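A.B. asks: Here is a sequence with its predicted model. Questions after.
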Amino acid sequence: MDIVLQATRRETGARSTLSKLRNQGQLPAVIYGYNVEVTPVALDYKETAKAVQKYGYTSVFKLDIEGKQVNAVLHEVQRDPIKGLVKHVDFLSINMAEELEVDVPVNIVGNSVGVSEGGVLTQPIRELTIKVKPTDIPESIEIDVSDLAMGDSLSIADVRSRINFNILNADEEVLLTITPPVVVDDETAGQGDDGNQDIKATEAPESEN
């Protein structure tokens with residue numbers, strides 16, 4: 001099914017011009033790549049947001065630029081660092097018959113034995129870079145951690161044969177680890193380097209501009 005987004009050409013200019021577009025409910029964007037010159041465009045913010053939320057960031061979108069339709073994928077997203085709203089996006093025009101490199105989110109599934117025993121799952125890599133035809137791009141890649149015990153880890157080499165995609169990450173990269181919980185002595189609790197206290201896991205920020 002085609003996911004069509006209407007786009008209109010826009011003039012490049014000062015920041016005030018971009019701000020005016022955003023105030024009118026438009027999303028400034030640019031498209032470039034296969035058979036397309038670098039073209040600044042504007043899309044309806046709400047319609048674009050709905051399409052991305054429904055079909056995912058890895059989907060192939062058909063941009064209708066004043067009657068000319070181009071197959072494209074989201075290549076870069078710029079957000080306001082304070083409000084979190086999307087300010088600008090880059091679309092990459094693609095050849096549907098050729099493979100392309102794309103970053104796909106890793107989705108952890110299963111209940112790890114190590115975590116059930118009190119271990120902590122750490123995930124250094126949240127996306128895998130794969131080479132795939134546009135029609136075969138997955139929304140995410142699932143990694144089952146059910147068999148991982150305390151102290152175990154998974155590298156790219158460990159999962160390469162399980163995944164039906166050409167993974168471009170290096171074999172030695174570590175996807176995740178199950179580490180023992182940190183035991184705090186009551187007598188030393190609260191002492192030590194302030195910079196090492198109250199460390200919390202957060203989601204990786206999305207790319208900007």
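C.D. replies: Right, received. Where do you want to start?
A.B. asks: what lines up beside the strand or helix carrying Asp90 in the sheet?
C.D. replies: With secondary structure defined by DSSP states H and E, Asp90 is part of strand 86-93. Using DSSP bridges, the neighbouring strands of strand 86-93 in the sheet come out as strand 26-33 (parallel), strand 68-79 (antiparallel).
A.B. asks: which one of these is the most hemmed in?
C.D. replies: strand 26-33 (a mean of 20; mean count of other C-beta atoms under 10 Å). In this view, the C-beta of every residue, glycine as well, is placed from N, C-alpha and C.
A.B. asks: For the helix or strand just after that one, which outside residues touch it?
C.D. replies: Where DSSP H and E defines the elements, the next helix or strand beyond strand 26-33 is strand 36-44. Strand 36-44 is contacted from outside by 5-12, 21, 25-32, 63, 65, 70, 93, using C-beta atoms under 8 Å, 6 or more residues apart in numbering.
A.B. asks: And the contacts of the helix or strand of the chain with the lowest mean pLDDT?
C.D. replies: Using mean pLDDT, DSSP states H and E, the weakest-scoring helix or strand in the chain turns out to be helix 15-23, at a mean of 82. The set of residues external to helix 15-23 that reach it, using C-beta under 8 Å, 6+ apart, is Arg10, Glu11, Leu27, Pro28, Ala42, Tyr45, Lys87, His88.
A.B. asks: If you count neighbours, what's buried in it?
C.D. replies: Leu18, Leu21, Arg22 (16 or more other C-beta atoms under 10 Å).
A.B. asks: returning to that earlier point: can you put the strands paired with strand 86-93 in a markdown table and add distance to Glu117?
C.D. replies: Putting the strands paired with strand 86-93 into a markdown table (distance: least, C-beta to C-beta, whole Å) gives the following:
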| stretch | distance to Glu117 |
| --- | --- |
| strand 26-33 | 47 |
| strand 68-79 | 38 |
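A.B. asks: Nearest approach to Asn111 belongs to which of the ones you listed?
C.D. replies: When the strands paired with strand 86-93 are ranked by proximity to Asn111, the top entry is strand 68-79, at 32.4 Å, counting by C-beta to C-beta.
A.B. asks: sorry, back to before: hey, what's the angle from the least confident helix or strand of the chain to strand 36-44? Just curious.
C.D. replies: Helix 15-23 and strand 36-44 meet at an angle of 50 degrees, taking axes from the mean of the first three to the mean of the last three C-alpha atoms, to 10 degrees as the criterion.
A.B. asks: CA atoms only for helix 15-23 - export them in CSV, please.
C.D. replies: As requested, C-alpha coordinates have been extracted for helix 15-23 and formatted as CSV (Å, rounded to 0.1, in the frame of the first residue of the first chain):
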residue,chain,number,x,y,z
ARG,A,15,14.9,31.4,9.8
SER,A,16,11.9,33.7,10.0
THR,A,17,10.5,32.1,6.8
LEU,A,18,10.8,28.6,8.3
SER,A,19,9.2,29.8,11.5
LYS,A,20,6.3,31.3,9.5
LEU,A,21,5.8,27.9,7.8
ARG,A,22,5.7,26.1,11.2
ASN,A,23,3.2,28.6,12.6
